[in-house]
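Chemist: coordinates only, no sequence provided:
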């Protein structure tokens with residue numbers, strides 16, 4: 001039973017952060033498109049767009065990789081949770097987008113569970 005729990009924890013970690021990996025990759029592969037979205041939807045000042053875009057990419061891609069391999073997964077889960085607070089507000093809740101807001105809240109719940117219970121035995125830590 002313990003082996004199954006660890007396999008489920010690994011697969012759960014992968015599923016949980018897949019959206020971060022995809023989002024981070026979109027920022028790297030299409031920075032102009034994402035910058036336009038950030039300007040139009042998030043009402044972010046133009047001089048902050050580029051630094052926030054690349055900070056987002058690092059947090060999302062780096063966080064996804066670290067959670068998948070299970071390195072400092074609890075700490076990274078907290079960082080991703082905290083990152084999602086302003087992201088959820090600026091780009092979803094304030095725009096009246098309940099589906100994306102609820103998706104982010106569900107991910108935040110998963111991140112808190114990961115922080116509380118750890119990544120399982122199939123992890124670098």
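Modeler: Happy to help now that I have it. Because the structure is a prediction, the values reported are computed rather than measured.
Chemist: just the element for the closest residue to residue 79 other than its chain neighbours, please.
Modeler: Spatial nearest neighbour of residue 79, excluding adjacent residues (CB to CB, 6 or more residues apart in numbering): residue 63 at 6.4 Å. C-beta here means a position set from N, CA and C on the backbone, and glycine is covered the same way. Using DSSP states H and E, residue 63 sits in helix 63-69.
Chemist: next helix or strand past that helix?
Modeler: Immediately after helix 63-69, counting by DSSP H and E, sits helix 73-91.
Chemist: chain center to that next one, what's the gap?
Modeler: Centroid displacement of helix 73-91 relative to its chain, using CA atoms, centre = their mean, to the nearest Å, is 6 Å.
Chemist: could you look up the SS state of residue 17?
Modeler: helix (DSSP: H, G, I helix; E, B strand; the rest coil).
Chemist: confirm for me that it is in contact with residue 63.
Modeler: Yes - here residue 17 reaches residue 63: they are 6.7 Å apart, a contact under CB atoms under 8 Å.
Chemist: which ones are touching the closest residue to residue 71 other than its chain neighbours?
Modeler: Distances taken as CB to CB, 6+ apart place residue 124 nearest to residue 71, at 4.2 Å, with adjacent residues excluded. Applying CB atoms under 8 Å, 6 or more residues apart in numbering to residue 124 gives the contacts 69, 70, 71.
Chemist: try 10 Å this time
Modeler: Contact analysis of residue 124 by CB atoms under 10 Å, 6 or more residues apart in numbering lists 66, 69, 70, 71, 72, 73.
Chemist: got the angle between the worst-scoring helix or strand of the chain on mean pLDDT and helix 73-91?
Modeler: Scoring the helices and strands of the chain by mean pLDDT, DSSP states H and E places helix 31-42 at the bottom, with a mean of 86. Here the directions of helix 31-42 and helix 73-91 differ by 60 degrees (axes from the mean of the first three to the mean of the last three CA atoms, to 10 degrees).
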